[in-house]
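# I'll drop the sequence and a predicted model, then ask my questions.
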Amino acid sequence: MILALGASSGAASATPSIDAARVPGVTAITKGGGIAVDSRIDAVTAFRGRALIVRKAEYGAARGSEGDVVRLSVGGLPSTMDEGSIQARCHGPARPTVVGVTLDSVVNDQVIDETTKKAQDEIQEKQDKRRVISDRLGGIEERRQFLRSLRQTYLKRVGEDEGTIDFKQWLEAQRMVAKGLEDLASEQRQTELERRALDQEISIAQQRMNELSSKRGNTSRVAQIDLKARRAGGVVCEVRYLVPGVSWSTAYDARLEEGALKFVQYGVVSNHSGEDWNDVAVSVSTANPVQSVVIPEVLPSFLRIYQPVQYGWRGRGPSPAPAAMALKTAEARDEARSTAQGMAEEDKKEQQEVAQLTQRELHAIYTAKTRTTLASSGAPRKIALAEHGFEPELTYIAAPRVSDGAYLTAKVKNGTRAPMLGGEVRLFMGDDFIGKTHIKSVVPGDEMQLSFGKDDRVKLERERIVREQKQVGVFTKETEVREAYRLRVHNLVGRPIKLALLDAVPVSTDKRITVEIDDSSTARTKPEEKDRPGTLRWNLELAHDAKHELNFAFKVRYPVGLHIAGM
């Protein structure tokens, strides 16, 4: 039986006389008449920003106490817990029934508790800002690589097209690239200063919170559980409650070896709750119990003659307590073992689970198979959740207009039963670490693509074979510019490969400018949805040591006298 009540300081029910020394699990009789029983944290379910704690206590109902109301005092609950989330569940041979639950607090810790909660919220906010700064630094590096590749492209054109290139335009482009790199360097310096300052603020806030936690003590909250036992015997009580200061994120290892992709999923858990977790069963849930569950409503807008009247505040009322959703979500963990054991054989071939998975309608819960110890210092702990084996579609992607060499990519379909949340991915070729990337969330049935870097064994050449400009038209004079290119590719990988060869033609943003692809161009593959406007695509299959050559040409027309940018 489960009974959940809000925190209160109500009087304890009458308690029979019990000899504490002869009752298993009893350590003392409290001043309020409750029997103080030893307890320990048995299980934790981490959400984004908080966690559900399951604290377990054992008690032995003595003969002669059948039908009497007994109050058990379970201490050690943190002062920062969500008081409205308290629940009690009791079971065992004594067949107990929970009559009521109250929550006592230590008055001397109230000020410390409030300050600690603010410190935890401050740390969480600063950690969120730090992740944003890290993402910004990643974007700066991507833009820097693009500008460098653009500069290399111009340098190559000067070497190949000397005598025909517009050096004024070339110098202007070089100045633009240099200015862009200078601006990026300045932006990076400023961003790194912000990150260092934020790291220092997080360290100071964490130190302040640790000092408050040490002053707060370990028994700032006591759950008083009133129960009746139908007969003598053992009683096991579980006290459940929510605590802030806990978060988790997803990380992955992607290992490509001999044409197979091994994908290992981790949950990175951080504990700032003030409670140390010693030898506990840890679960992570994709649910977000703090988000609003109120269905959005579109309200009408009424027109009326304005009259200057003072209106009082009219709130829409509080949204449903998030604790209820969190507790219902976490109860699914109790079903994880039976659910994982009944997994179909076909699913077992696709993935080897290192954590038990319970898939609900809108979220998933992973429960680690081994118990874990995690201190409240906030140091992140990486917990293995699942191992997925995929047969990827390996494709090389090459854009010789931008970069020499072809990039090896692996496309896979999420055939598992749970979503893969967005997170950092460490990339390996066999045992060799080659870099990091990020993926967005991939729901079951969706696809993701990973890049494992450039392979210089795919040789590429891009040559401009024609560039001519002339005036056309009889009554309306137009300038026509025609360019033609030849692309060559040579596969020296040592096996047959699939190659997506990409190039581009200019895209007009003015109806007076027309762009036409010449009929002499090699037949192209239909562009994919992710391709940018103007992209030319050729999907090729090349045997080992095979060579392939293709051509494309285009014409640009515009009225005489117009100066066109972007050519």
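Yep, that arrived.

# so residue 224 makes contact with residue 104?
Yes: Residue 224 is in contact with residue 104 according to CB atoms under 8 Å; the separation is 6.2 Å. From N, CA and C alone the C-beta is placed, and that goes for glycine too.

# Looking only at neighbour counts, state which of those two leads.
Set residue 224 next to residue 104 and count neighbours by other CB atoms under 10 Å: residue 224 wins out with 25 against 22.

# tell me how far the strand or helix carrying that one is from the chain's mean position?
Assigned by DSSP states H and E, residue 224 belongs to strand 221-229. When distances are taken as CA atoms, centre = their mean, to the nearest Å, strand 221-229 is centred 39 Å away from the chain's centroid.

# Just give me the residue closest to the centre of the protein.
Closest residue to the average C-alpha location of the chain: residue 422 at 3.7 Å, with CA atoms, centre = their mean.

# Can you give me every residue that contacts that residue?
250, 438, 439, 440, 441 (CB atoms under 8 Å, 6 or more residues apart in numbering).

# What is the subsequent helix or strand relative to the one helix or strand residue 237 maps to?
Using DSSP H and E, residue 237 sits within strand 233-257. Using DSSP H and E, the helix or strand that follows strand 233-257 towards the C-terminus is strand 260-271.

# That following strand: partners in the sheet, and parallel or antiparallel?
According to DSSP bridges, strand 260-271 forms sheet pairs with strand 233-257 (antiparallel), strand 381-390 (antiparallel).

# quick one, which of these is packed in tightest?
strand 233-257 (a mean of 21; mean count of other CB atoms under 10 Å).

# so it versus strand 221-229, what angle?
Calculated by axes from the mean of the first three to the mean of the last three CA atoms, to 10 degrees, strand 233-257 forms an angle of 120 degrees with strand 221-229.

# and strand 233-257, average pLDDT?
The pLDDT scores in strand 233-257 average 90.

# what's the spacing between whichever helix or strand residue 88 is part of and its chain's center?
According to DSSP H and E, residue 88 maps onto strand 82-91. A distance of 30 Å separates the centroid of the chain from that of strand 82-91, by CA atoms, centre = their mean.

# same deal with stretch 77-94?
30 Å.

# end to end, how far does it reach?
25 Å (CA to CA, to the nearest Å).

# Run through the strands of the stretch 351-500 of the chain in chain order.
For the stretch 351-500 of the chain, strands defined by DSSP state E, counting those that start in this stretch occupy the ranges 351-353, 355-359, 364-368, 372-374, 381-390, 393-398, 406-413, 423-429, 432-439, 447-455, 458-472, 478-491, 497-504.

# any idea of the mean pLDDT in the second one?
What it means is strand 355-359. Mean predicted confidence for strand 355-359 is 66.

# cool, and the last one?
pLDDT averaged over strand 497-504 equals 93, rounded to a whole number.

# elements contacting the helix or strand just after it?
Where DSSP H and E defines the elements, the next helix or strand beyond strand 497-504 is strand 514-517. Contact partners of strand 514-517 among helices and strands, from 3 or more CB pairs under 8 Å, 6 or more residues apart in numbering; DSSP states H and E: strand 547-559.

# Would you indicate which residues of the strand it packs on are buried?
For strand 547-559, burial by neighbour count (16 or more other CB atoms under 10 Å) applies to 548, 550, 552, 553, 554, 555, 556, 557, 558.

# now do stretch 534-550
Of the residues in stretch 534-550, those buried (16+ other CB under 10 Å) are 535, 536, 537, 538, 540, 542, 548, 550.

# Among these, name the ones in strands.
535, 536, 537, 538, 540, 542, 548, 550 (DSSP state E).

# Those residues: which two are farthest apart?
535 and 542 (20.5 Å; CB to CB).

# Just to check, residue 201 is in contact with residue 126?
Yes: Residue 201 is in contact with residue 126 according to CB under 8 Å; the separation is 5.8 Å.

# so the helix or strand residue 206 falls within versus strand 233-257, what angle?
Residue 206 is part of helix 167-216 when elements are defined by DSSP H and E. If you take the same axes, to 10 degrees, helix 167-216 sits at 160 degrees to strand 233-257.

# Who are the packing partners of helix 167-216?
helix 110-160.

# Show me what the helix it packs on is packed up against.
helix 167-216, strand 233-257.

# between these, which one is nearest to residue 378?
Closest among the helices and strands packed on helix 110-160, once you apply CB to CB, is helix 167-216, at 6.1 Å.

# that older thread, mean confidence for the strand holding residue 224?
88.

# Same question for stretch 367-381.
Per-residue scores along stretch 367-381 average to 85.

# Tell me which residues of it come out buried.
Quick answer for stretch 367-381 (16+ other CB under 10 Å): 367, 368, 374, 376, 378, 381.

# end to end, how far does it reach?
15 Å.

# Let me know the helix or strand that residue 54 is in.
Going by DSSP H and E, residue 54 is in strand 49-61.

# Hey, what's the angle from that strand to strand 260-271? Just curious.
70 degrees.

# C-terminal to strand 49-61, what's the next element?
strand 69-77.

# Check which helices and strands that following strand sits against.
Other helices and strands packing on strand 69-77, by 3+ CB pairs under 8 Å, 6+ apart, are strand 35-37, strand 39-46, strand 49-61, strand 221-229, strand 233-257.

# So what are the sheet partners of the strand holding residue 54 and their directions?
strand 39-46 (antiparallel), strand 233-257 (antiparallel).

# Show me how far it is from its chain's centre.
29 Å.

# With only the CA atoms kept, save that strand in CSV.
Written as CSV, here are the backbone C-alpha positions of strand 49-61 (Å, rounded to 0.1, in the frame of the first residue of the first chain):
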residue,chain,number,x,y,z
GLY,A,49,17.6,18.9,-12.6
ARG,A,50,16.4,16.6,-9.8
ALA,A,51,16.1,13.0,-8.7
LEU,A,52,13.7,10.6,-7.0
ILE,A,53,15.3,9.0,-3.9
VAL,A,54,14.1,5.7,-2.5
ARG,A,55,15.2,5.2,1.1
LYS,A,56,14.6,1.8,2.6
ALA,A,57,14.0,1.0,6.3
GLU,A,58,13.3,-2.4,8.0
TYR,A,59,11.3,-3.1,11.1
GLY,A,60,10.1,-6.2,13.0
ALA,A,61,6.6,-6.1,14.3
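
# Show me what counts as buried in that strand.
Quick answer for strand 49-61 (16+ other CB under 10 Å): 49-61.

# could you dump those to TSV with pLDDT?
Below are the buried residues of strand 49-61 laid out as TSV (pLDDT from 0 to 100):
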residue	pLDDT
49	81
50	87
51	90
52	91
53	92
54	93
55	93
56	93
57	92
58	91
59	89
60	88
61	81
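
# Surely residue 80 is within a helix?
No: counting by DSSP: H, G, I helix; E, B strand; the rest coil, residue 80 falls outside a helix, being coil.

# quick one: it from residue 50, how far?
10 Å (CB to CB, to the nearest Å).

# tell me, what's touching these two both at once?
Counting by CB under 8 Å, 6+ apart, the residues touching both residue 80 and residue 50 are 243, 244, 245.

# and the first one, what does it touch?
In this case it means residue 243. So residue 243 contacts 50, 51, 53, 78, 80, 81, 82, 273, 274, 275 (CB under 8 Å, 6+ apart).

# Mind doing that once more with 10 Å?
44, 50-53, 77-82, 85, 120, 271-275, 376 (CB atoms under 10 Å, 6 or more residues apart in numbering).
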